[in-house]
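Q: Turn this into a structure:
(one chain, ligands or ions: 2)
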Amino acid sequence: MITPTPNAAGQQARTLFFQPGERNIFFHLLTSCNLRCRHCYINPAQHGSGMVSRREMEQWLELFAAPAQESNLILLGGEPTLHPNLVHGVRRARELGYRGVTIDTNGYLHHNLLARLAPDEAVLSFSLDGPTPAVNDPIRGDGVFATCTANLRQAVAAGFDVSLIFTASRLNIDHLAQMPALLEQLGCRRFFIQVIGIRGKSAQPGKPDGAPPDNRPENDSTLQLSPEQWLEIVPQVAADAAARGIRVIYPKVYLEDGEPFQCAGRQEQSYFIFPNGRVYLCPLCEDFPLHTWQIEDGRLRPNPGLTERQLFTLEIAEGCVMNKLLQPGNIVYDAPGRPRHRISCCLLKQEMRPV
Ligand code: SF4
Ligand code: SF4
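A: Ligands and ions are numbered 1, 2, ... in the order given. The predicted structure is shown next:
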């Protein structure tokens, strides 16, 4: 049984169940990046190494615009600030009626972004995987902590709405507790904790446990958190952050008894678009050619053959089908063979608001 953890003021995290009409469009403008993170989720064999042109960016934004609905646009990559037409894309999206535009950046803010974008045009979301260079830089690269935090401070000073994304893995989970104090110092009032996904580099065969350090990526057994690590550490850190006035969002991961299972893919509310034209409904499918649509000549065409949509229809006791297929080691069974935890949709979030 999973017990929700209250914070110091007795507050419990609230589950943000999917709301009808709410849409999230994750638009990967390019796959290239100036960094080489150890857990990078980009898979060039599946997503290519290209970049959408200015014209494609406009066309594809038009394709997914739905002004009557609450459509949130997240521009990402690779590193989206490397795209020379990023600011144009933000402005075109706002003209098309997207409600909120967020840029997910590694913090380098290429093309002098802060000088070219007004603070009310987009939210800037910075990725940082540790509270110090000693924790962050072995994961994201030498000097990344200093650059990312300096640019985040500049964005706050310029009046931008900022958030920080921390990808929790076995490489940094022991340091998550120091993140709320860092956010407070940086003036960042929104904190997203995400769990490492087994895709991209993290899904490649890596060096076995106990092997001497080398340049190969860690394999999934060395990066993924155990249920105990997630459940014991993350809610407590979220409670600490909320007590400091920071809003925290983190994945549900394990459903509590009686909570309904929801698959975002079935509801078709989130779209993951890649520069090679693939459009997925589930991010866990991104390492496979299971995408629902392909964009061709500015139109959405159904991908023939087996797609993620067929997988979404499967009802299993473990909850999420893709977790069962890709990360079966995460699921623990009791003696009669029932799963001890149902795994929630990876897009289902919990929120802890400032006390
Ligand atoms: S910043 Fe993002 S896209 Fe770039 S290497 Fe890191 S995870 Fe990959
Ligand atoms: S993560 Fe699981 S539950 Fe969520 S969309 Fe994918 S298959 Fe459905």
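
Q: measure Ala181 to Thr147 for me?
A: Ala181 is 20 Å from Thr147, where distance means Cβ to Cβ, to the nearest Å. Bear in mind the C-beta positions are built from the backbone N, C-alpha and C, glycine included.

Q: more neighbours, these two?
A: Thr147 (16 against 13; other Cβ atoms under 10 Å).

Q: Which helix or strand contains that one?
A: In this assignment (DSSP states H and E), Thr147 forms part of helix 144-157.

Q: and that helix, what does it pack onto?
A: Applying 3 or more Cβ pairs under 8 Å, 6 or more residues apart in numbering; DSSP states H and E, one finds that helix 144-157 makes contact with helix 113-116, strand 123-127, helix 133-140, strand 162-168, helix 179-186.

Q: Any buried residues in it, and which?
A: Val144, Phe145, Thr147, Cys148, Thr149, Asn151, Leu152, Ala155, Val156 (16 or more other Cβ atoms under 10 Å).

Q: Buried residues, the helix or strand containing Gly265. List them.
A: Following DSSP H and E, the helix or strand that holds Gly265 is helix 264-267. Going by neighbour count (16+ other Cβ under 10 Å), the buried part of helix 264-267 is Ala264, Gly265, Gln267.

Q: ok, which of those residues also contact ligand 2?
A: Contacts with ligand 2 within the buried residues of helix 264-267, counted by Cβ under 6 Å from any ligand atom: Ala264, Gly265.

Q: ok, so of the buried residues of helix 264-267, who is nearest ligand 2?
A: Gly265 (3.5 Å; Cβ to the nearest ligand atom).

Q: how near is the closest one to Arg153?
A: 38 Å.

Q: Kindly report the same for Arg99.
A: According to Cβ to Cβ, Arg99 and Arg153 sit 27 Å apart.

Q: Count the residues that sit near the nearest residue to Pro119 once chain neighbours are set aside.
A: Excluding the flanking residues, the one nearest Pro119 by Cβ to Cβ, 6 or more residues apart in numbering is Gly159, at 4.0 Å. Gly159 has 11 neighbouring residues, counting by other Cβ under 10 Å.

Q: Check Gly159 and give its pLDDT.
A: Predicted confidence (pLDDT) at Gly159: the value is 98.

Q: and what of Gln224?
A: Gln224 is given a pLDDT of 81.

Q: What distance do you get for it to Leu290?
A: For Gln224, the distance to Leu290 equals 22 Å [Cβ to Cβ].

Q: got the residues of this structure near ligand 2?
A: Near ligand 2, when you scan the chain using Cβ under 6 Å from any ligand atom, you find Cys263, Ala264, Gly265, Cys282, Leu284, Phe312, Cys320, Val321, Met322, Cys345, Cys346, Leu347.

Q: how does it look with 5 Å?
A: Cys263, Ala264, Gly265, Cys282, Leu284, Cys320, Met322, Cys345, Cys346 (Cβ under 5 Å from any ligand atom).

Q: Distance to ligand 1 and pLDDT added to the residues you listed, as a markdown table?
A: Below are the residues of the chain next to ligand 2 laid out as a markdown table (distance: Cβ to the nearest ligand atom, whole Å; pLDDT from 0 to 100):
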| residue | distance to ligand 1 | pLDDT |
| --- | --- | --- |
| Cys263 | 25 | 94 |
| Ala264 | 22 | 94 |
| Gly265 | 23 | 95 |
| Cys282 | 19 | 96 |
| Leu284 | 16 | 94 |
| Cys320 | 23 | 94 |
| Met322 | 20 | 92 |
| Cys345 | 22 | 94 |
| Cys346 | 16 | 92 |
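
Q: what about the longest helix anywhere in the chain, average pLDDT?
A: Determined from DSSP state H, the single longest helix within the chain is helix 227-243. Averaging pLDDT along helix 227-243 yields 93.

Q: Export only the CA atoms of that helix, formatted as PDB.
A: Output of helix 227-243 as PDB, limited to C-alpha atoms (Å, rounded to 0.1, in the frame of the first residue of the first chain):
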ATOM      1  CA  PRO A 227      10.400   2.500  -5.300                       C
ATOM      2  CA  GLU A 228      11.700   3.000  -1.800                       C
ATOM      3  CA  GLN A 229      14.100   5.700  -2.800                       C
ATOM      4  CA  TRP A 230      11.400   7.600  -4.700                       C
ATOM      5  CA  LEU A 231       8.700   7.300  -2.100                       C
ATOM      6  CA  GLU A 232      11.000   8.000   0.900                       C
ATOM      7  CA  ILE A 233      12.900  10.900  -0.600                       C
ATOM      8  CA  VAL A 234      10.900  12.800  -3.200                       C
ATOM      9  CA  PRO A 235       7.700  13.700  -1.100                       C
ATOM     10  CA  GLN A 236       9.800  14.900   1.800                       C
ATOM     11  CA  VAL A 237      11.900  17.200  -0.500                       C
ATOM     12  CA  ALA A 238       8.700  18.500  -2.100                       C
ATOM     13  CA  ALA A 239       7.400  19.300   1.400                       C
ATOM     14  CA  ASP A 240      10.500  21.200   2.300                       C
ATOM     15  CA  ALA A 241      10.400  23.200  -1.000                       C
ATOM     16  CA  ALA A 242       6.700  24.000  -0.400                       C
ATOM     17  CA  ALA A 243       7.500  25.200   3.100                       C
END
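
Q: For that helix, enumerate the helices and strands it packs against.
A: Under the contact rule (3+ Cβ pairs under 8 Å, 6+ apart), helix 227-243 is packed against helix 179-186, strand 190-195, strand 247-251, strand 254-255, strand 349-352.
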